[in-house]
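Novice: show me the folded form of this:
(chains A, B, C and D)
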Number of protein chains: 2
Amino acid sequence: MSESRPAGQHTVRRHNSALVLGAIAESPGISRAGVAARTGLTKATVSTLVDRLVSAALVRDAGPEHRAGPGRRGTSLSLSPTGPHGLGVEIAVDYIATCLVDLTGEVRWSQVREADNRDRPAGRVLARVGTAVRDALRHATELSITVGGIGVAVPGLVEASSGLLRRAPNLGWHNVDLPAELSKRTELPGVPVLVGNEANLAALAELRAGAPADFVHVSGEIGIGAGIVLGGELYDGTRGFGGELGHFPVSSRGPVCSCGARGCLERLAGQEAILTRAGAADPGALVERLEAGDRAASAAVRSAARWLGTALSSVLNLLDVPTVVLGGTYARLYPWLHEPLRAELQARVLSAPWASIEVRRSALGTEAAVRGAATSVLRSIVADPDTFIAARTA
Amino acid sequence: MSESRPAGQHTVRRHNSALVLGAIAESPGISRAGVAARTGLTKATVSTLVDRLVSAALVRDAGPEHRAGPGRRGTSLSLSPTGPHGLGVEIAVDYIATCLVDLTGEVRWSQVREADNRDRPAGRVLARVGTAVRDALRHATELSITVGGIGVAVPGLVEASSGLLRRAPNLGWHNVDLPAELSKRTELPGVPVLVGNEANLAALAELRAGAPADFVHVSGEIGIGAGIVLGGELYDGTRGFGGELGHFPVSSRGPVCSCGARGCLERLAGQEAILTRAGAADPGALVERLEAGDRAASAAVRSAARWLGTALSSVLNLLDVPTVVLGGTYARLYPWLHEPLRAELQARVLSAPWASIEVRRSALGTEAAVRGAATSVLRSIVADPDTFIAARTA
DNA sequence: CAGCAATAGTTTGGTGCTTGAACTTATCCA
DNA sequence: TGGATAAGTTCAAGCACCAAACTATTGCTG
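Specialist: Sure thing, here's the model as predicted:
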């Protein structure tokens, strides 16, 4: 049952505020009249709503725009760079990263702290996370930045309903309540704390950085994770555990995986499989060999591309998504991966003959997850400015 | 870009009408006061909206309800059995089925015409479909039933935006505009014609018949299709081509499929594969042998179960859906299919250790697709009664 | 340089829909 | 028979959007 709330005038306000802010976000520099034309609202309504958004510091009115031809010039509207910022936190296996991002997507401050979190007790790691967040908050006040929310990216399965980190295999964590742990260790301003899976948030960052509204983001690290974006929204399953691509059974034979099955994608197209087969020590060495035209290296990548294509064709047949974005290690291997992968998808996806498939490279690379964590909170503000405004004025 | 329309008073009306009607649909016999409590709307608003719905013949006010204790009795509200009916049509490979379903989900009339549509030209088949629809419409007027819309289920890929049937491999059809073909051959009343994939519509019927809000419905007919329901809504991909499960590559070897690839699920776990392997002529004969304990037959089903489990585990890992509903031929084979399938999923789905998976049998079986076609148009009316009311009064 | 056309933005009166509170109706129970 | 309780209705009020008229600013033309 999709539990729905009753609608009133406030609902109309909420919807139209989001509509107006969305139009401004999508075409910065637009005028009030432009927003009216784009959204279908009247100029009068748009003026009222924009004024509200400006006084809430979400929108900046930058004065008259430059344009040829007759008529009065409109005023240029855009998301305010002095409005609320997102504080992004990423807890990875070998580092803790933080950043402050403004509404325009600009990174105003960022920091990466190297750390070996793999074999350290959770309490110790969380203490360092607390320090990193305090540090970020201090920089925010120094730069007179107001923090609108905190997003945390973790390499594990996060329960969407509760925000609880259920399992993080590579950290060895179970059932960690990150918002609670954070507020226990840090004096947080009264802002929302969102927790999300690292691969999913990376997909969100990719969306912010220009990816289309429907795509699958594949992050090829030690594991292989998929972030699914449908209709401009992240889809993370009924409980938040979705997007597990690494254990797609692509071969009935193949090596035994840690999950117990045979022929998992991760074992055939994961970073380690490619490196072993190419005889390279690390991704850097692999790229060097590929650039030098090493045949074993390019054969290894082509093979991985085909396995990946096999798995992704299933995803595309199931979800009917037209775009694949390659992130993580796959982004680095894109020049060699792209063509065989595209060919495999073209052959296997049923709708391919009349609905073309695009394989593109990630725009952000490794930073995607922190960025995604920060922008996820901004996204929730832009998607529903009225709630933010109500919370601020209260 | 999720192109959104501006909201006004009418939007509020629309939303709340749907909210009220939804509450009535979910708990038949509820009173106005009950709807108010359930939806959060005021009694005043509910009264107004219910009156509108009653005068549009969508809701029936069946007089005072029976209840113990003090206080005035409320009037019992339920979806009207005399309101608009859905006319369902299914174009299958070996039959054409039609039915008339009322808002309560009751089948008021139905018919199945055997036919061999596989090797017949599209024009001939469409002519027979036209006859079947005319027949159904005649019965509707005889029973003084008003048809609110026509739903057509087809075994192929349907483009959601246009309603165009892009490809139906088992019928050998390409780019058929079914609404146009239908109105060319039949005098249609001015009602909407919706076209949908047979598996997706079957899933919708299953949802109507009591399935949970999140599940994957697998229909095992000549092809294998999956209907994905997320949050009580059908998910059919960005363009409507979603849910193609039949060509999941589950084996790197295996027979060549009509799609050109090897080892497609359809070839290994489809109806024909099972029958061939079991040495049975048709599903009925197969069930007889299974009941008699025939070893070849049960081995064939177990093998299919494992292949199906391989493919479904990928779906569950990707979408994090907790329930699988077996329909079509698989529903008949459920007693023998269930256990090996469940075991395969338990072993392969990553979240299975802490989030249990349910494999259940379809409540409707073969009828699911026609029923789904009929209820899909009713569903669109219930989901947005205002549009229906506006269309009727205009 | 005055006047006109074109475009941006504001003001104002009006409409539609929900709300809250008071009111009416219906039933049980003492 | 009267009081308590619950269902449903009536009505003035408020809120958000809309349409249209109005003001403001700019380029073009004679």
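
Novice: and for A:A168, the neighbour number?
Specialist: 21 (other Cβ atoms under 10 Å in any protein chain shown). C-beta: built from backbone N, CA, C; applies to glycine.

Novice: can you pull the contacts of the closest residue to it other than its chain neighbours?
Specialist: Leaving aside its sequence neighbours, A:A168 sits nearest to A:G156 (Cβ to Cβ, 6 or more residues apart in numbering or on different chains; 3.0 Å). By Cβ atoms under 8 Å, 6 or more residues apart in numbering or on different chains, the contact set of A:G156 is A:L165, A:R166, A:R167, A:A168, A:P169, A:N170, A:L171, A:W173, A:N197, A:E198.

Novice: the second one contacts A:L157, correct?
Specialist: Yes - here A:R166 reaches A:L157: they are 4.7 Å apart, a contact under Cβ atoms under 8 Å.

Novice: okay, and the common contacts of those two?
Specialist: With Cβ under 8 Å, 6+ apart as the test, A:R166 and A:L157 both reach A:F241.

Novice: quick one, which of the two is more surrounded?
Specialist: Each of A:R166 and A:L157 has its neighbours counted (other Cβ under 10 Å); A:L157 has more, 25 against 19.

Novice: and the gap between the more buried one and DNA strand C?
Specialist: Distance of A:L157 to DNA strand C, computed by Cβ to the nearest atom of the strand, to the nearest Å: 38 Å.

Novice: that residue contacts A:F241, correct?
Specialist: Yes - in terms of Cβ under 8 Å, A:L157 counts as a neighbour of A:F241; the distance is 5.0 Å.

Novice: tell me where the stretch 1-150 of chain A has strands.
Specialist: A:59-64, A:75-79, A:85-91, A:95-101, A:107-114, A:147-154 (DSSP state E, counting those that start in this stretch).

Novice: who does the first one touch, helix- and strand-wise?
Specialist: Yep, that's strand A:59-64 we're talking about. helix A:43-55, strand A:75-79 (3 or more Cβ pairs under 8 Å, 6 or more residues apart in numbering or on different chains; DSSP states H and E).

Novice: and the angle from the last one to strand A:59-64?
Specialist: Calculated by axes from the mean of the first three to the mean of the last three Cα atoms, to 10 degrees, strand A:75-79 forms an angle of 150 degrees with strand A:59-64.

Novice: and DNA strand C, is strand A:75-79 touching that?
Specialist: Yes - for strand A:75-79 and DNA strand C, the contact criterion (Cβ under 7 Å from any atom of the strand) is met by A:T75.

Novice: got the contact list for that strand?
Specialist: Here strand A:75-79 has contacts from A:21, A:24-25, A:28-32, A:35, A:50, A:58-65, A:102-104, A:382, using Cβ under 8 Å, 6+ apart.

Novice: of these, grab the buried ones for PyMOL.
Specialist: Applied in PyMOL, the following selects the buried portion of the contacts of strand A:75-79 according to 16 or more other Cβ atoms under 10 Å in any protein chain shown:
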select buried, chain A and resi 21+24+25+30+31+32+35+50+58+59+60+102+103+382
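
Novice: tell me the secondary structure at A:A211.
Specialist: Following DSSP: H, G, I helix; E, B strand; the rest coil, A:A211 is assigned to coil.

Novice: what's the spacing between it and A:V325?
Specialist: 6 Å (Cβ to Cβ, to the nearest Å).

Novice: now swap in A:A92 and tell me
Specialist: For A:A92, the distance to A:V325 - Cβ to Cβ - is 20 Å.

Novice: and the lowest mean pLDDT element among the helices and strands of chain A?
Specialist: strand A:233-235 (a mean of 83; mean pLDDT, DSSP states H and E).

Novice: in its sheet, what does that strand sit against?
Specialist: Each strand paired with strand A:233-235, and its direction, by DSSP bridges: strand A:224-230 (antiparallel).

Novice: so where's the stretch 1-150 of chain A shaky on pLDDT?
Specialist: A:1-3 (pLDDT under 70).

Novice: give the residues shared as contacts by A:A211 and A:V325.
Specialist: Common neighbours of A:A211 and A:V325 (Cβ under 8 Å, 6+ apart) are A:H217, A:R360.

Novice: which of these two has more neighbours?
Specialist: Per other Cβ under 10 Å, whichever of A:A211 and A:V325 has more neighbours is A:V325, with 28 against 21.

Novice: checking the residue sitting nearest the centre point of chain A next. Helix, strand or coil?
Specialist: With distances taken as Cα atoms, centre = their mean, A:L204 lies nearest the centre of chain A, 2.3 Å away. Here A:L204 is helix, with the state taken from three-state DSSP.

Novice: my guess is it contacts A:V377. True?
Specialist: No - applying Cβ under 8 Å, one finds A:L204 not in contact with A:V377, separated by 10.7 Å.

Novice: show me the contacts for A:A205.
Specialist: Contacts of A:A205 by Cβ under 8 Å, 6+ apart are A:L364, A:E367, A:A368, A:A369, A:R371, A:G372, A:T375.

Novice: in helices, which of those residues fall?
Specialist: A:A368, A:A369, A:R371, A:G372, A:T375 (DSSP state H).

Novice: skipping adjacent residues, who's closest to the first one in space?
Specialist: Nearest residue to A:A368 in three dimensions, chain neighbours excluded: A:A202, at 3.7 Å (Cβ to Cβ, 6+ apart).

Novice: kindly report the same for the third one.
Specialist: What sits nearest to A:R371 in space, not counting adjacent residues and going by Cβ to Cβ, 6+ apart, is A:A205, at 4.1 Å.

Novice: one step back: against DNA strand C, how distant is the residue nearest to the centre of chain A?
Specialist: 31 Å.

Novice: gap between that residue and DNA strand D?
Specialist: Relative to DNA strand D, and taking Cβ to the nearest atom of the strand, A:L204 is found at 28 Å.

Novice: can you pull out the low-pLDDT segments for the stretch 151-300 of chain A?
Specialist: Using pLDDT under 70, the stretch 151-300 of chain A drops low at A:238, A:240.

Novice: quick one: the strands in it?
Specialist: A:157-158, A:165-168, A:173-176, A:193-197, A:215-220, A:224-230, A:233-235.

Novice: can you give me phi and psi for the single nearest residue of the stretch 51-200 of chain A relative to DNA strand D?
Specialist: Residue nearest to DNA strand D within the stretch 51-200 of chain A (Cβ to the nearest atom of the strand): A:R72, separated by 3.1 Å. Dihedral angles of A:R72 (phi, psi; degrees, to the nearest 10) stand at phi -60, psi 140.

Novice: count the neighbours of it for me.
Specialist: 8.

Novice: in this structure A:E358 contacts A:V324, no?
Specialist: Yes - counting by Cβ under 8 Å, A:E358 does reach A:V324; the two are 7.2 Å apart.

Novice: who's more crowded, those two?
Specialist: Neighbours per residue, other Cβ under 10 Å: of A:E358 and A:V324, the larger number sits with A:V324, 24 against 12.

Novice: that one bridge partners, please.
Specialist: Going by DSSP bridges, A:V324 forms beta bridges with A:V216, A:V359.

Novice: give the contact list for it.
Specialist: A:F215, A:V216, A:V218, A:L312, A:L316, A:L341, A:L345, A:I357, A:E358, A:V359, A:R360.

Novice: neighbours of the closest residue to chain B within the stretch 151-300 of chain A, how many?
Specialist: Taking Cβ to the nearest Cβ as the measure, the point where the stretch 151-300 of chain A comes nearest chain B is A:G237, at 2.6 Å. Around A:G237 sit 24 other residues, with neighbours defined as other Cβ under 10 Å.

Novice: need the distance between the two termini of stretch A:352-364.
Specialist: 27 Å (Cα to Cα, to the nearest Å).

Novice: so which bits of it are buried?
Specialist: A:A352, A:A355, A:I357, A:V359, A:R360, A:R361, A:S362, A:L364.

Novice: now what about it, what contacts it?
Specialist: A:202, A:205-206, A:209-211, A:217, A:316, A:322-328, A:330-331, A:334, A:338, A:341-342, A:345-346, A:349, A:368, A:371, B:166, B:239, B:241.
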